[in-house]
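J.: no sequence on this one, just coordinates:
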């Protein structure tokens, strides 16, 4: 059975994966053929599958996904502004993917976590590692076009935006995760 805190967190993960799938799907559709288009299409597919994993997980736990209005990454645009080119999109995505895998790894450490949730977290983290790898490779390939210093400055700007967004949402997440840890220990 799923309680309110589990349902909220898993629904939050689900809506964030849906937002990612929609974003990367639109981007994959607009890119010219090549390695970035190839990997972006796989990334889009992974995000959609992750949304399905969370939907299935919630239902196996006896719940129905909660309709949430805002995903984590929706707040990025107000914190960092709209990315102006592919390098900025990839830099922002790299920062976001690292945040996601860290959050999922942290969640997987909750004592006595339901097997359905742990299994879902572990499946998704395999894909998230690949996302970080392919985006890092793509950013290195863009160094001749944008310059290493520009990419590093862009990454730093998005790290700062991510920190701002994370701090803004941390309180609600921390309260819910603290509740889950307390409940299971």
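T.: Sure, I can see it. Everything numeric in this text was worked out from a predicted model, so none of it was measured.
J.: How about the lengthiest helix in the chain, which residues are buried there?
T.: As assigned by DSSP state H, the longest helix anywhere in the chain is helix 148-184. Residues of helix 148-184 classed as buried by neighbour count (16 or more other Cβ atoms under 10 Å): 151, 154-155, 157-159, 161-162, 165-166, 173, 176-177, 180. C-beta here means a position set from N, CA and C on the backbone, and glycine is covered the same way.
J.: residues making contact with the least confident helix or strand in the chain by mean pLDDT?
T.: Using mean pLDDT, DSSP states H and E, helix 76-80 stands out as the lowest-scoring helix or strand of the chain, at a mean of 80. Residues outside helix 76-80 that contact it (Cβ atoms under 8 Å, 6 or more residues apart in numbering): 92, 96, 157, 158, 160, 161, 162, 164, 165.
J.: Apart from its chain neighbours, what residue comes closest to the fifth one?
T.: The one in question is residue 160. residue 80 (7.9 Å; Cβ to Cβ, 6 or more residues apart in numbering).
J.: Number of residues surrounding that neighbour?
T.: Residues near residue 80, counting by other Cβ atoms under 10 Å, number 21.
J.: From residue 46, how far off is it?
T.: 23 Å (Cβ to Cβ, to the nearest Å).
J.: Over stretch 174-185, what's the mean pLDDT, rounded is fine.
T.: Stretch 174-185 shows a mean pLDDT of 68.
J.: show me where this protein has helices.
T.: Under DSSP H, the chain gives helices at 4-30, 35-60, 76-80, 86-108, 115-141, 143-146, 148-184.
J.: out of the ones you listed, nearest to residue 70?
T.: For these, the distance to residue 70 is smallest for helix 4-30, at 7.8 Å, taking Cβ to Cβ.
J.: Buried residues, the closest one. List them.
T.: For helix 4-30, by 16+ other Cβ under 10 Å, it's 6-21, 23-25, 27-28.
J.: Low-confidence stretches in the chain?
T.: Within the chain, the stretches with pLDDT under 70 are 172, 177, 180-181, 183-185.
J.: Please report how far the residue sitting furthest away from the middle of it lies from residue 40.
T.: Note on the chain: the largest C-alpha distance from the chain mean falls to residue 144, namely 27.9 Å (Cα atoms, centre = their mean). Distance, residue 144 to residue 40, using Cβ to Cβ: 20 Å.
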